[in-house]
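[1] turn this into a structure:
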Amino acid sequence: IQKNHDLLLIQEKIQEMNIEIEAIPEKEAFLEASRRNPFAISDEEKTRFLVREALHPKLAAQRMIRYWERRRELFGNELFVLPLTLDGALQNDLVALEQGLFRLLEGVDASGRSILFLDPSKHHITNHKEHYSTHSMIRACWYMYEAAGRCAKISDRIVMIIFPQHANVQHFDRKTHRQIIELEIEYLPIRIQAIHFVHPPLIHAMLRPIINFMVRKRLRYVTETHAGQTEKVLSNLEKYGLFRKILPDDIGGDVRLDHGQWLDRRHAAEL
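    Numbering: from 1, shown residues only. Got it, this is the predicted structure:
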């Protein structure tokens, strides 16, 4: 009975969301996406935006319109309506993806949330320009965010572990990082529920005020820093449902991350 009730509620909210979408005058990218890729505006996709906005139809409609406008800006007119796959919308971004700025862990936390592992040292402010553009990296991050959201056991909820131990000022591009953060805040149907800084270097003390300025209050309140000996850090993380058996060996966990193999498996699954 509860399941049927939930489905009826979602259907009701989708109808309300459709009315809100109709009332938005500027939605060219959304309309083009609906013509060229009907799944892009399916009820399944609308449900993701509703869940992200706590079933608030107006907010969900506004986020979905912003999503498609931003997707067109980043991916271009030809690619933005293609499926968000390595051979589709991401066909020009493999080099940026291979850097592994974001890596998705195979396991989930104790609450069923996906875990993204961010290593800022994987993106250099200037050296990257010979191999990929800043926009390509942002598109790669978009892909990783969406992959994490769809793998979560509870509706697009994500935990992020940031491992800045090997990063320096040459890896912190304020403009680029702000755009990456804004993907979650303004556009994507995902929600980062917690951020854990693990083994931060001394530079972290200098960067943290900048990060706090960039990230809205909601994210600042769910941000924790874990420093000290490896066993102490792992013990602290366990209190948040992040167990050694699912964590990467970069921070003392049991998992050896192979981002190349992960991309290969994704590519095979998307064919």
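
[2] what bits of the stretch 51-200 of the chain have low per-residue confidence?
    For the stretch 51-200 of the chain, the stretches flagged by pLDDT under 70 are 127.

[3] where do the strands sit along it?
    Per DSSP state E, counting those that start in this stretch, the stretch 51-200 of the chain carries strands over the ranges 102-108, 114-118, 157-162, 191-198.

[4] looking at the ones you listed, which is closest to residue 22?
    strand 191-198 (26.0 Å; CB to CB). (Glycine included, C-beta is placed from N, CA and C.)

[5] and the closest one, C-alpha only, in PDB?
    C-alpha atoms of strand 191-198 as PDB (Å, rounded to 0.1, in the frame of the first residue of the first chain):
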ATOM      1  CA  ARG A 191      22.900  15.800  -3.600                       C
ATOM      2  CA  ILE A 192      26.300  15.700  -1.900                       C
ATOM      3  CA  GLN A 193      25.400  14.900   1.700                       C
ATOM      4  CA  ALA A 194      28.900  14.900   3.200                       C
ATOM      5  CA  ILE A 195      32.500  15.900   2.300                       C
ATOM      6  CA  HIS A 196      35.500  14.400   4.100                       C
ATOM      7  CA  PHE A 197      38.900  15.900   3.700                       C
ATOM      8  CA  VAL A 198      41.400  13.100   4.400                       C
END
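
[6] and the residue nearest to the spatial centre of the chain, what does it touch?
    Nearest to the mean C-alpha position of the chain, counting by CA atoms, centre = their mean, stands residue 145 at 2.2 Å. Residues near residue 145 by CB atoms under 8 Å, 6 or more residues apart in numbering: 102, 116, 158, 183, 184, 188, 190.

[7] what's the span of stretch 97-113, first residue to last?
    Length of stretch 97-113, first residue to last, CA to CA, to the nearest Å: 22 Å.

[8] so for it, what gets flagged as buried?
    Within stretch 97-113, the residues that count as buried by 16 or more other CB atoms under 10 Å are 97, 99, 100, 101, 102, 103, 104, 105, 108, 109, 113.

[9] now it, how far from the centre of its chain.
    Remark: stretch 97-113 is offset 10 Å from the chain centroid, using CA atoms, centre = their mean, to the nearest Å.

[10] nearest to residue 136, of the strands of the stretch 51-200 of the chain?
    Using CB to CB, those put strand 102-108 closest to residue 136, at 13.4 Å.

[11] may I have the strands that pair with the closest one, each with its orientation?
    Strand 102-108 sits in its sheet next to strand 114-118 (antiparallel), going by DSSP bridges.

[12] how near is residue 131 to residue 124?
    Distance, residue 131 to residue 124, by CB to CB, to the nearest Å: 10 Å.
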